[in-house]
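Q: just need the structure, nothing else, for what follows:
(4 chains)
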Number of protein chains: 4
Amino acid sequence: MGILRLSHVEVRVPDIELATAYYVELVGLIEVERVDDEQGTRVFLKGWDEHQHHSLVLNQRATYGLDAVAFKVEHAADLDDLQAKIEAAGVSTSRHAAGTLAPGSGEIVRFTAPSGHVVDLEHGQFQVGNRMPKLNPPIGPEGLIGMAPPRIDHVFLMCEHINVTTDFFRDVLGFRMTEQILADDGYQLASFLERSHSTHDIAFLTGPDGGFHHVAFWVDDWNELRKSADLCAYHGVTVDAGPTRHGATRGCGLYFFDPAGNRNEMYTGGYWFDPDDEPTTWTENEIGRAIFYYQGKLNQAFMTVHS
Amino acid sequence: MGILRLSHVEVRVPDIELATAYYVELVGLIEVERVDDEQGTRVFLKGWDEHQHHSLVLNQRATYGLDAVAFKVEHAADLDDLQAKIEAAGVSTSRHAAGTLAPGSGEIVRFTAPSGHVVDLEHGQFQVGNRMPKLNPPIGPEGLIGMAPPRIDHVFLMCEHINVTTDFFRDVLGFRMTEQILADDGYQLASFLERSHSTHDIAFLTGPDGGFHHVAFWVDDWNELRKSADLCAYHGVTVDAGPTRHGATRGCGLYFFDPAGNRNEMYTGGYWFDPDDEPTTWTENEIGRAIFYYQGKLNQAFMTVHS
Amino acid sequence: MGILRLSHVEVRVPDIELATAYYVELVGLIEVERVDDEQGTRVFLKGWDEHQHHSLVLNQRATYGLDAVAFKVEHAADLDDLQAKIEAAGVSTSRHAAGTLAPGSGEIVRFTAPSGHVVDLEHGQFQVGNRMPKLNPPIGPEGLIGMAPPRIDHVFLMCEHINVTTDFFRDVLGFRMTEQILADDGYQLASFLERSHSTHDIAFLTGPDGGFHHVAFWVDDWNELRKSADLCAYHGVTVDAGPTRHGATRGCGLYFFDPAGNRNEMYTGGYWFDPDDEPTTWTENEIGRAIFYYQGKLNQAFMTVHS
Amino acid sequence: MGILRLSHVEVRVPDIELATAYYVELVGLIEVERVDDEQGTRVFLKGWDEHQHHSLVLNQRATYGLDAVAFKVEHAADLDDLQAKIEAAGVSTSRHAAGTLAPGSGEIVRFTAPSGHVVDLEHGQFQVGNRMPKLNPPIGPEGLIGMAPPRIDHVFLMCEHINVTTDFFRDVLGFRMTEQILADDGYQLASFLERSHSTHDIAFLTGPDGGFHHVAFWVDDWNELRKSADLCAYHGVTVDAGPTRHGATRGCGLYFFDPAGNRNEMYTGGYWFDPDDEPTTWTENEIGRAIFYYQGKLNQAFMTVHS
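A: Down below sits the predicted model:
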């Protein structure tokens, strides 16, 4: 009970047609719906094996960056429970009936986390299915194109006070910390938090409040990362880093940017995390290996290029 | 809250030294402890990335087969809650303090499921760690041998009345059914049940009550299945089936037998299952494809060789 | 100098449209040209990374099986040299100018080997390229479908007297034997022969003279074999065997049949063979492991289903 | 006939014990023999699946770099033929009987190429086998450690006048050029040359005469590159670049340095090259993509760090 997993993210893009083409043709997400409102067009996309209406929302805005990050809760009653806890922690919330914040949306509790990010807790997002029959299905739908990740995996954000945010996500929202990076003076530089027993549903890196580092989609193995990198190169999309492995999470990933400047990751690997497992700690002098396990040092862009 | 995942299985083996050598040298599990009691020797093993004391227990007995299957619960209070539900369903239970049923064991609620299997619900099994430091760790320990699965994945059992067992696991224990195979007359031939949002923590196939089909360990990808098959061939262990894919669960696996006759599987793949996802149904005429997706028919041994 | 590698095979198919659809849509070969002659339609196909005009020719005939197997020679002078050797061995030959036996064909020396197969030695087959520029190319063309093997790999034939055929291919045509299977009485049951330093460009298995077991196309790795098996299952093409490994050649493969009944293999792996390397020998009691390394025994179809 | 493939390289290392430990424990080569002469110790190593005595020779010297590169010829008569051609091209040669230049060596023609490198042509190097039986072998030997490449693949050297060197290797030694990189003024910046129908047995990059860029060993697939990178990280060996793909050759590779400073590559992929295939040309503005296909630009070290 409580939060089940990352549900979706909303990102800003100035050129909605270009961004949609990129996410559909290259990344290989499925476009489910688009709507126009007073601010512009919104496009709703999802991974091919997600049953829900959307895991990525593109909002047509003047710049790039993150508008909201949403988590799926298991039961409707979890919304009441979590809303009470958030309010008790001194954070104001708003409540939105199904279908009011977006087409296909479920009932939502919305608030701004101490990290400066708009966070949605949602129950009952409309299920559109994965284009496969529930009777004697094949192992995948025909006609997938691009990287074709089956689903969203995690989101990586930035904020000033990692420790405050970590406490809030752990104590109020029930997340568990799997890994952290500590400065020599003990100050938290990064923390990785999960609800799905993966290595992270959300992670925070030291930076400006409300900052957005990347959204990651799941691919099944290391070979898929090569295929993703091949596709980037083929389509002239610059690879930011990878295919490489992270020391933190042990996962493997490939970083690159959408046409608006939002960083994407294709990610695979990691490990199962039990609630009684102890978190792993990385020291500041090992931050290079924690992020880029093979290179042993950060590339120039990692700490500086974000929104 | 409630059951978190499959914790461990206890299997019988007549030749404890031979079986231990097989599970350590070929399968690549880690031997944690062995004890002698009046019935013989018990050996406690685990996957290299499991932190807990054991995920496989070998009990020295005159024959082979399953002695017990155990699930890990998240909170101590889950034991009380689940014990009450099981008793309310008319099934008698026993309660065992930590360390009494086995070295390293947590507190356990034990009962016999309608399927005829001894089931343990456990909280607080002793954590022994994964041989890696919690500070700046490498991505794996040195010196792994054999197939080296990081962890147990699922167990596949047999019973006469699949529907009764499915109802019990769903209504009393809180499992969710992800897939099922139905006979032409609507009778359930198999059901796949999960608590960990994977495709199955436990599955049941039509057969004798208390029957044991296989225990599966997780490997990271399709390449690991080839490596596992290479190791079987190298060590003269006959491959029962695979490397192949299952239509049901979409997972890929390799079947083979331990020296006592217990079937093992190395398994990878599958998909994430949300509580509000609809289960998949296979019809009897597609059972071949459900089990062996590539061959499209069962091999002779699948329904007949078990314990 | 001499024979360079396997060039192409000609197979018979009764339903030319069905077979072409299968080889284009499922196998993923490129259709280059089709011609009609008095006997019916001929379709010329090739792997996407082959530069030559064809590596598979489909001949519309009343039944299935092999019409011819062709090897590419390096120099035009090799045709003279080899023709003289073949004639000196008592085998009559015919000579065909470029473009006379087929569109795109080079100059050809044709003869019937002691195994009963029509064999072509060809120089100068027309080069059509691989659909990629010779200036700053990508790593592959866009829009590949199906299994999309880059090229043909080997052909596996049957004949009565393996030793006679092996001697002819070795002594007259300059092949080297990499592996063989011997009966208990020393009689050769199979031999593997190469010119390209791979494990085999052609192999012979005991059976009827002129028999055709399979033609194999190269794929890049074990993951491609899974993808190929997925595609077979998706399209309802029965997998004959695999994905598995062969003990002989150490290669990995997947067997299945075209709509006419000709066996195909997707193959990868193997090893580099130097002219001064010693061949490997398998004994009859290990033939199962030689062919199907994981299962350790032949499946029923392997020795009996062929043309 | 003629040159068959790259045979071996001799590199200089100051600390012979450290270098040997690195090549045996981390790279996973097999130490075959070591000898002491007046200049220091020489260690002879090979990939596990090479039958010959050595493919890498470590010469204990005061610095690092390349001492010699050797090619294997098919027939003893090829030595006479090639020696005559080299002399006719105005390059003096020396002839060395088997076993005189090194233990296990065959008969050798030695000369200095226009690129400033010592080149050996060798016939009849002693065969030591691959530690597997020639009767009913397994698919690999037991107990391999480290990256365990089966064999050497190619060598990448530097020289001032690429075009002169390319002409010499092509016209005198019979190599074929598969790819080249041209400056805007048409000057050759790099050329890739093969005898084994792979993408390159040897390549030259613009730089100082006699320069040594890297020696590459073959691994079987992209997964092996990840395993190799994992091993580098585990053992504290800095990864220079990769796992990545090259646009030129389409191969995938991982670069890193031995303790002396000699660059190594683990390499896989590429394509088959026929003698009548046209070479591929890269323009100077695409050199980044030619070398590092995903990143699209050279890393700082690529042109500047060599010996």
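
Q: the stretch 101-250 of chain A: helices as residue ranges?
A: Using DSSP state H, counting those that start in this stretch, the helices of the stretch 101-250 of chain A run over residues A:162-167, A:222-234.

Q: could you chop chain A up by domain?
A: Domain assignment for chain A by automatic domain parsing gives A:3-123, A:151-303.

Q: do you know which of those domains lies nearest chain B?
A: Closest to chain B of the domains of chain A, according to CB to the nearest CB: domain A:151-303, at 4.3 Å. Every C-beta, even on glycine, is put in place using the N, C-alpha and C of the backbone.

Q: check contacts around A:Met1.
A: When contacts are counted by CB atoms under 8 Å, 6 or more residues apart in numbering or on different chains, A:Met1 touches A:Glu74, A:His75, A:Ala77, A:Asp78, B:Met1.

Q: buried deepest among the helices of the stretch 101-250 of chain A, which one?
A: Neighbour counts (mean count of other CB atoms under 10 Å in any protein chain shown) averaged over each of those peak at helix A:222-234, with a mean of 23.

Q: can you put the helices of the stretch 101-250 of chain A in TSV and add mean pLDDT?
A: Output for the helices of the stretch 101-250 of chain A, formatted as TSV (pLDDT from 0 to 100):
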stretch	mean pLDDT
helix A:162-167	98
helix A:222-234	97
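
Q: how many other residues sit next to A:His246?
A: A:His246 has 24 neighbouring residues, counting by other CB atoms under 10 Å in any protein chain shown.

Q: thinking again about what came up before, quick check: the farthest pair among the contacts of A:Met1?
A: By the measure CB to CB, A:Ala77 and B:Met1 form the most distant pair in the contacts of A:Met1, at 12.5 Å.

Q: which among the contacts of A:Met1 gets closest to chain C?
A: Out of the contacts of A:Met1, the member with the shortest distance to chain C (by CB to the nearest CB) is A:Glu74, at 32.4 Å.

Q: just checking, that closest one touches A:Gly2?
A: Yes: between A:Glu74 and A:Gly2 there is a contact under CB atoms under 8 Å: 6.8 Å.

Q: identify the contacts common to those two.
A: Counting by CB under 8 Å, 6+ apart, nothing touches both A:Glu74 and A:Gly2.

Q: dump the helices of the stretch 101-250 of chain A into CSV; add distance to D:Phe212 as well.
A: Below are those laid out as CSV (distance: least, CB to CB, whole Å):
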stretch, distance to D:Phe212
helix A:162-167, 46
helix A:222-234, 28
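
Q: relative to chain C, which of those helices is closest?
A: For those, the distance to chain C is smallest for helix A:222-234, at 4.9 Å, taking CB to the nearest CB.

Q: specify the angle between that closest one and helix D:222-234 in degrees.
A: Between the axes of helix A:222-234 and helix D:222-234, defined by axes from the mean of the first three to the mean of the last three CA atoms, to 10 degrees, the angle is 100 degrees.

Q: helices or strands next to helix A:222-234 in the packing?
A: strand A:239-245, strand A:252-257, strand A:263-268, helix D:222-234, strand D:239-245 (3 or more CB pairs under 8 Å, 6 or more residues apart in numbering or on different chains; DSSP states H and E).

Q: can you list those in a markdown table and add distance to C:Thr199?
A: Converted to a markdown table, the helices and strands packed on helix A:222-234 look like this (distance: least, CB to CB, whole Å):
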| stretch | distance to C:Thr199 |
| --- | --- |
| strand A:239-245 | 30 |
| strand A:252-257 | 32 |
| strand A:263-268 | 32 |
| helix D:222-234 | 19 |
| strand D:239-245 | 26 |
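
Q: B:Asp240 is nearest to which of those?
A: helix D:222-234 (24.9 Å).

Q: contacting residues around the residue at the greatest distance from the centre of chain A?
A: Relative to the C-alpha centroid of chain A, counting by CA atoms, centre = their mean, A:Asn136 is the outermost residue, at 31.8 Å. Each residue near A:Asn136 by CB under 8 Å, 6+ apart is listed here: B:Gly247, B:Thr281, B:Trp282, B:Thr283, B:Glu286, B:Arg289, B:Ala290.

Q: pretty sure the first one sits against B:Ala290.
A: What that stands for is B:Gly247. Yes: in this structure, B:Gly247 is within contact of B:Ala290 by CB under 8 Å, at 4.5 Å.

Q: mutual contacts of these two, please.
A: Common neighbours of B:Gly247 and B:Ala290, using CB under 8 Å, 6+ apart, are A:Asn136, B:Trp282.

Q: before we move on, the earlier item: could you list which of the contacts of A:Asn136 also contact chain A?
A: Restricting the contacts of A:Asn136 to those touching chain A (CB under 8 Å from any CB of the partner chain) yields B:Gly247, B:Thr281, B:Trp282, B:Thr283, B:Glu286, B:Arg289, B:Ala290.

Q: narrow those to those in helices?
A: Residues of these located in helices (DSSP state H): B:Arg289, B:Ala290.

Q: for the ones next to chain A among the contacts of A:Asn136, which one is nearest C:Glu38?
A: B:Arg289 (43.5 Å).

Q: mind listing what the residue nearest to the closest one when sequence neighbours are not counted touches?
A: Leaving aside its sequence neighbours, B:Arg289 sits nearest to B:Gly247 (CB to CB, 6 or more residues apart in numbering or on different chains; 4.6 Å). The contact partners of B:Gly247, taken as CB under 8 Å, 6+ apart, are A:Asn136, A:Pro137, A:Pro138, A:Ile139, B:Trp282, B:Glu286, B:Arg289, B:Ala290, B:Ile291, B:Tyr293, C:Ala233.

Q: just A:Phe292 next, same as before
A: By CB under 8 Å, 6+ apart, the contact set of A:Phe292 is A:Ala241, A:Thr244, A:Arg245, A:His246, A:Leu298, A:Asn299, A:Phe302.

Q: I figured A:Arg289 hits A:Thr283, correct?
A: No: with contact defined as CB under 8 Å, A:Arg289 does not reach A:Thr283; the gap is 10.0 Å.

Q: which of those two has more neighbours?
A: Using other CB under 10 Å, the more surrounded residue of A:Arg289 and A:Thr283 is A:Arg289, with 24 against 14.

Q: show the pLDDT at the more buried one.
A: For A:Arg289, the model assigns a pLDDT of 95.

Q: pLDDT value on A:Thr304, please?
A: In this model, A:Thr304 carries a pLDDT of 86.

Q: just the one 3 residues further on next, same as before
A: pLDDT for A:Ser307: 85.

Q: that one: what's it in contact with?
A: When contacts are counted by CB under 8 Å, 6+ apart, A:Ser307 is found next to A:Thr63, A:Tyr64, A:Gly65, A:Leu66, A:Gly211, A:Phe212, A:Gly261, A:Asn262.

Q: hmm, stretch A:146-155 in reach of chain D?
A: No: figure legend: stretch A:146-155 not in contact with chain D (CB under 8 Å from any CB); closest approach 13.6 Å.

Q: how many neighbours does A:Gly40 have?
A: A:Gly40 has 15 neighbours, counted by other CB under 10 Å.

Q: ok, the residue nearest to it when sequence neighbours are not counted - how many residues close by?
A: Leaving out its chain neighbours, the residue that sits closest to A:Gly40 by CB to CB, 6+ apart is A:Gln60, at 3.1 Å. By the criterion of other CB under 10 Å, A:Gln60 has 20 neighbours.

Q: wait, isn't A:Gln60 in contact with A:Val35?
A: No: A:Gln60 is beyond contact range of A:Val35, at 10.6 Å (criterion: CB under 8 Å).

Q: which residues are in contact with both of those two?
A: Contact criterion CB under 8 Å, 6+ apart; residues shared by A:Gln60 and A:Val35: A:Thr41, A:Arg42.

Q: show me what A:Leu66 is bridged to.
A: Going by DSSP bridges, A:Leu66 is paired in beta bridges with A:Val11.

Q: list the contacts for it?
A: Here A:Leu66 is in contact with A:Val9, A:Glu10, A:Val11, A:Arg12, A:His117, A:Val155, A:Leu157, A:Gly210, A:Phe212, A:Asn262, A:Ser307 (CB under 8 Å, 6+ apart).
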